[in-house]
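[1] Need a 3D model of the following:
(chains A and B)
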Amino acid sequence: MNPIIRRELLELLRTRKALALQLGLALLCALLVLVRWPTGATADLSGARSLEVLRVFGYGLLAGILLLVPAFPATSLVREKMQGTLALLLNSPMRPWSIYLGKLGGILGFTAILLVMTMPAAAACYALGGTGSSGGILNLYGVLALAAVQLATLGLLVSCRSRSTDGALRGTYALVLVICVLTLGPYELLRGQRGVAAEAASWLRCVSPISALMEVLSQGDLGSHGMATGFSALGRYALLAPIFSLVCAAATITQLNHRLLDRARSAGVMTQDRSLVQRMIRRFMFLIDPQRRSGSMSLWINPVMVKEFRSRRFGRSHWMLRLIAVCAILSLGLSYVAAAGVLGWGVEVIGGALVLLQIALLILFAPSLAAGLISSERESGSWQLLRMTPLAPGVILRGKLLSVAWPLFLLLCATLPGYAAMIAYRPALIYQFQRVVVCLSLTAVFAVLISAAASTLFRSTAAATTASYLTLLAVCLAPLLIWLGREAPFGHSTVQAVLRIDPVAAALQAADAPGFNQYELLPFNWWIIGLTCVALLLFLGVRTWQLYRPE
Amino acid sequence: MGPGEAVVQTKDLTKKYGRIVALDRLTMSVQRGQILGFVGPNGAGKTTTIKILVGLARPTSGSASVAGIDCVKEARKLKRLVGYMPDTFGSYDNMRVGEYLDFFGAAFSIPRRDRMRRISEVLETAGAVSYRDLYVEALSHGMKQRVALARTMLHDPEVLILDEPANGLDPQARIEMRQLLLDLANRGKTLLVTSHILPELARICHRVAIITRGRLRAFGTLDEITHQLIQLRPMEVQLTSAEKIESVADLVRRYIEPGAEVRSSPTEAVVWFRTAKREEELAGLLRALVAADLRVAQFREVQTDLEEAFMTVALSDREDPESASQPIAKAVSTGEAR
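    Numbers count the residues shown, from 1 in each chain, chains lettered A, B, ... in the order given. Below you'll find the predicted structure:
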């Protein structure tokens, strides 16, 4: 047996987290079946009841795979690289592909154990009847297995190219979002059209496991509204996912050699030391050049905030400017589409899309900016240097939180022109807009505080980043799984109660998005999120003080 | 506080982590302008002592002060008085050396104009002027040590506490570092330096403290420590040839204390032994060797050094862990200001 598989698998299984994960999963599956198991004297011959359970079960499993699986491969190679053990492995008689297969095997082995633990619940769905006709459970597990391989190979590729574990995590989760969600966008936009672009879009969306899963769960296809699309998304996914995985694997294996460890870190040439032409080009490209010699910090500004801006790659102004520009363009583009009636979408749908865009940005960026605020300092040993300065813990915390608050504020502002265009188009939307802004602001504060709180709990930035993403996704996306099962298997009151804790659902309801306007989520959600934020802020203050004070 | 006065003082300093005693009634002091070499095996309690002195840890009992400032009660005041260079660098990504030092300068509220001048000065002093525009994480270990030293000196502290400052430095840089530390001491700064490179430490330290298992085992100047610790003087008899080496070893054995260690090396024609006998008594041995015509070329005491003193403590500690509860050098049992 490949020694790396054994080591990776044992390392994963020995942790308490793995045990908790397995127990939690088994418990959840058992609960799901228990809730929906028929207790009356009547039998559901149509199998609709079983399919309802299977849908929640299937989407839940896919969400679990999308959230959990990337975390393991994303940190796998980069951690070995940082600890120096990758050099030892490369110096051993093991070939690169053997090392790679060992890593992949360990991660897939653990995923397989988790999937096997869900099988009793799947068998119960089968026993309820009605899931065998469309390939049901076998196809479901086939899609999940392919998704696991796809994400594991992607994570290993990112891990191989990254310099830090938290960077690898951020990159992997961003790519998972692109591959699983954003690839569906072009198809949705070009739906019903013919031509090369439409055909390419229909193939592109089959890279995502979501289309295939929808077909397996008898929900037709994305945006098909129940109409047959004439081709099998499942078949295309079964073809594209292995190709994608093979490309990722080949790209990783070719890089898995000594050259990976033989790269000098650029010492960086200052812009002031470059030629005039180069300086002009850089001024045009960057607006705010990251390589220029920066001025001395003013004593009026919190030095920790400035330090965070300077030391964070993404905090550097040129990156923020680029992102803000892209957001503004996207936001205005969506509003233009609504105003011109190009897609025949209503203002509500466009509003919903804008909200989703903003929430996605918040969920993606808040943990990546805030999860390392304190954990990275503790990890690198600079926390004790900060403690040695006369800066009080409150000043340190304020500087760190401000360094995240400003970019997120600018990011949110950049997406507002779309709303402005919509209000100009329909002035009655101003009230709706105000509610959406409150929801988004609260979501941003919540996302920042939960990530910052995680950063005080973990010594490793990778662990804090993973915990932040998982918590945020659990709060923001898990209730949407319940929403997917609205009317059946979950009743209106259950769905409403669950959605009240979800800031995404609240924002969508504020935007009057279809599917959410029948629930009363506001102002309950504001109270819940607001109070949680206050509690998190208090917790953050106490934890920072605890970490700051003498041992 | 004038010269000769104790700047760093600890009294009965004790630190316990649960049932583990990391520091056990440590009492020592360092005078202004002096360099104290703080020596001990790994896990002896050096870092714990340092952390208490810089205000990063609280003692379970006892007291510690720097320049009259209590390390526990006035920890905030302490920060401007002490410059601490830990054994880890504590770098920030994507930051250049100039920006890195600028941040710490701002954190110490050094006004902008003074800060720029001060950064140039400390970089110059640490021999790191050319690193100013380089990324911190791109520096080699030795370069980082220089930048860390510059950072430690940035706010012009009265006391510098340096944990392994010579670690990772090349020979030339080590010599420069040694000179730099002596210069700082000449300028009136008080230094507490830990290092595992004992010959380096022996060259610059005015006093040395040896600590094992949380207890101060020896404190004083190098001469005091070596004379007190190494009570059996190492002696060497060099012969012109190895022909009569066994006869020499036998005569030495008969003359010195019974059971004392006597070793001989025929290839080098040398006999070594350890003895507590005084000069006059050893003169008798030399006379006996010459009278027996054993072809003695040299008869001398081998110079002891810090390494030997340290090994004496470490070995006695390993052989008899109970002995760690007692100071080895009884005449210099504590480091209280004398």
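[2] Check residue 87 and give its pLDDT.
    No chain in the question, so chain A it is. On the pLDDT scale, A:Ala87 is placed at 85.
[3] wrong chain, I was asking about chain B
    84.
[4] Number of residues surrounding it?
    15 (other C-beta atoms under 10 Å in any protein chain shown). From N, CA and C alone the C-beta is placed, and that goes for glycine too.
[5] which ones are touching it?
    B:Thr47, B:Asp163, B:Glu164, B:Asn167 (C-beta atoms under 8 Å, 6 or more residues apart in numbering or on different chains).
[6] Phi first, then psi, for it.
    phi -80, psi -10 (degrees, to the nearest 10).
[7] returning to what we had before: quick one: mark the members of the contacts of B:Asp87 that sit in strands.
    Those of these mapping onto strands are B:Asp163, per DSSP state E.
[8] what residue is smack in the middle of chain B?
    B:Gly37 (2.6 Å; C-alpha atoms, centre = their mean).
[9] quick one: is the lowest-mean-pLDDT helix or strand in chain A near chain B?
    The helix or strand of chain A with the poorest confidence is helix A:317-340; it has a mean of 72 (mean pLDDT, DSSP states H and E). No: under the criterion of C-beta under 8 Å from any C-beta of the partner chain, chain B is not reached by helix A:317-340; the shortest gap measures 10.9 Å.
[10] Name the residues of the next helix or strand after that helix that come out as buried.
    Using DSSP states H and E, the helix or strand that follows helix A:317-340 in sequence is helix A:347-370. Counting neighbours by 16 or more other C-beta atoms under 10 Å in any protein chain shown, one finds that the buried residues in helix A:347-370 are A:347-359, A:361-370.
[11] same thing with stretch A:274-282?
    Quick answer for stretch A:274-282 (16+ other C-beta under 10 Å): A:Arg274, A:Arg279, A:Arg282.
[12] do stretch A:196-215 as well
    A:198, A:201-202, A:204-215.
[13] In which helix or strand does A:Ser298 reside?
    Using DSSP H and E, no helix or strand contains A:Ser298.
[14] Show me how far the least confident helix or strand of chain A is from its chain's centre.
    Relative to its chain's centre, helix A:317-340 lies at 21 Å (C-alpha atoms, centre = their mean, to the nearest Å).
[15] what about the helices in the stretch 151-300 of chain B?
    For the stretch 151-300 of chain B, the helices defined by DSSP state H, counting those that start in this stretch cover B:171-186, B:198-204, B:222-229, B:245-255, B:279-291.
[16] If I average pLDDT within each of those, which one is lowest?
    Among the helices of the stretch 151-300 of chain B, helix B:222-229 scores lowest, at a mean of 72.
[17] related to what we said a few turns ago, of the buried residues of stretch A:196-215, closest to A:Gly333?
    A:Ala201 (17.0 Å; C-beta to C-beta).
[18] A:Pro186 versus the closest one, what's the distance?
    Distance, A:Ala201 to A:Pro186, using C-beta to C-beta, to the nearest Å: 4 Å.
[19] Which of the buried residues of stretch A:274-282 fall in helices?
    The helices, defined by DSSP state H, take in A:Arg279, A:Arg282 from the buried residues of stretch A:274-282.
[20] and B:Val296, what does it touch?
    Remark: with contacts taken as C-beta under 8 Å, 6+ apart, B:Val296 is in contact with B:Val237, B:Gln238, B:Leu239, B:Thr240, B:Val248, B:Leu286, B:Leu289, B:Val290.
[21] and what of B:Phe38?
    The contact partners of B:Phe38, taken as C-beta under 8 Å, 6+ apart, are B:Lys46, B:Thr49, B:Ile50, B:Leu192, B:Val193, B:Thr194, B:Val208, B:Ala209, B:Ile211.
[22] Looking at the helices of the stretch 151-300 of chain B, which is nearest to chain A?
    helix B:171-186 (18.2 Å; C-beta to the nearest C-beta).
[23] contact partners of the closest one?
    Against helix B:171-186 from outside (C-beta under 8 Å, 6+ apart): B:33-35, B:125-127, B:142, B:145-146, B:149, B:153, B:160, B:162, B:165-166, B:169, B:191, B:193, B:197, B:200, B:203-204, B:206.
[24] Narrow those residues to those that are buried.
    Applying 16+ other C-beta under 10 Å to the contacts of helix B:171-186 flags B:33-35, B:125-127, B:142, B:145-146, B:149, B:153, B:160, B:162, B:165-166, B:169, B:191, B:193, B:200, B:204 as buried.
[25] For A:Ala371, what are phi and psi?
    Torsion angles, degrees, to the nearest 10, at A:Ala371: phi -70, psi -20.
[26] Can you check the pLDDT for it?
    Predicted confidence (pLDDT) at A:Ala371: the value is 88.
[27] Check the gap between it and A:Thr118 for me.
    Taken as C-beta to C-beta, the span from A:Ala371 to A:Thr118 is 29 Å.
[28] Neighbour count for the two, which is higher?
    A:Ala371 (32 against 21).
[29] Pretty sure the more buried one sits against A:Ala462.
    No: checked against C-beta atoms under 8 Å, the pair A:Ala371 and A:Ala462 is beyond contact range at 9.0 Å.
[30] overlap in contacts of those two?
    With C-beta under 8 Å, 6+ apart, A:Ala371 and A:Ala462 have common neighbours A:Asp166.
[31] Mind checking which of the buried ones among the contacts of helix B:171-186 are in strands?
    Using DSSP E, the buried ones among the contacts of helix B:171-186 in strands are B:Ile35, B:Leu160, B:Leu162, B:Leu191, B:Val193.
[32] Nearest to A:Leu61, out of those: which one, please.
    Set against A:Leu61, the nearest of these by C-beta to C-beta is B:Leu162 (55.8 Å).
[33] which residues pair with that closest one across the strands?
    Note on B:Leu162: beta-bridge partners by DSSP bridges are B:Met85, B:Val193.
[34] how about it, what does it touch?
    Shown in contact with B:Leu162 (C-beta under 8 Å, 6+ apart): B:Met85, B:Leu149, B:Thr152, B:Leu181, B:Leu191, B:Leu192, B:Val193, B:Thr194.
[35] show me what contacts the closest residue to the fifth one other than its chain neighbours?
    In space, B:Leu191 comes closest to B:Ile35 once its chain neighbours are excluded; the distance is 4.5 Å by C-beta to C-beta, 6 or more residues apart in numbering or on different chains. Each residue near B:Ile35 by C-beta under 8 Å, 6+ apart is listed here: B:Leu181, B:Leu182, B:Ala185, B:Leu191, B:Leu192, B:Val193, B:Ile204, B:Cys205, B:His206, B:Arg207.
[36] For B:Asn94, which three-state class applies?
    coil (DSSP: H, G, I helix; E, B strand; the rest coil).
[37] Just confirm it contacts A:Lys307, I think it does.
    No: using C-beta under 8 Å, B:Asn94 is not in contact with A:Lys307, being 10.7 Å away.
[38] Neighbour count: these two, which is higher?
    A direct count of neighbours by other C-beta under 10 Å for B:Asn94 and A:Lys307 places A:Lys307 higher, at 26 against 17.
[39] that older thread, can you verify the residue nearest to the centre of chain B is assigned to a strand?
    Yes: membership of B:Gly37 in a strand is supported by three-state DSSP.
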